[in-house]
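Participant: Here is my input, please return the structure:
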Amino acid sequence: MEAVIALLMFLGEPAVLKEHTLMPNVSKCLEKKRIAVRNSGARVSYVCSKVQAEVKDGKIIRIAKDD
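Facilitator: Numbers count the residues shown, from 1 in each chain. As a prediction, this is how the structure comes out:
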């Protein structure tokens, strides 16, 4: 497990984690978050977060916990 920056997508009521994307840095994550918020509905929320995750081939395989 390593600490990485991830863009997390939560969907529904109550909010459930549905998707996660590895980001190279916080500024890129915030840029992608702004684009996603503009293009999605009201029931979807996005969060940039530092998480403990298992990464393989540049993709998040599993998230252990939020920091």
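Participant: give me every residue that touches the spatially most distant residue from the centre of the chain.
Facilitator: For the chain, the residue at maximal distance from the C-alpha centroid (CA atoms, centre = their mean) is Glu13, at 17.9 Å. Residues near Glu13 by CB atoms under 8 Å, 6 or more residues apart in numbering: Arg43. C-beta here means a position set from N, CA and C on the backbone, and glycine is covered the same way.
Participant: SS state for it?
Facilitator: Recorded secondary structure, Glu13: coil (DSSP: H, G, I helix; E, B strand; the rest coil).
Participant: can you check Ser27 too?
Facilitator: Once three-state DSSP is applied, Ser27 turns out helix.
Participant: That one: how many residues sit nearby?
Facilitator: Ser27: 11 surrounding residues under other CB atoms under 10 Å.
Participant: same question, Lys32
Facilitator: There are 15 residues near Lys32, going by other CB under 10 Å.
Participant: Next: Val51.
Facilitator: For Val51, using other CB under 10 Å, the count is 20.
Participant: Isn't it up against Met1?
Facilitator: No - the pair Val51 / Met1 is not scored as a contact, 9.3 Å apart, by CB atoms under 8 Å.
Participant: tell me, what's touching these two both at once?
Facilitator: Ala64.
Participant: Look at the nearest residue to Lys59 once chain neighbours are set aside and report its pLDDT.
Facilitator: Closest residue in space to Lys59, ignoring its immediate chain neighbours: Leu22 at 6.2 Å, by CB to CB, 6 or more residues apart in numbering. Note for Leu22: predicted pLDDT of 95.
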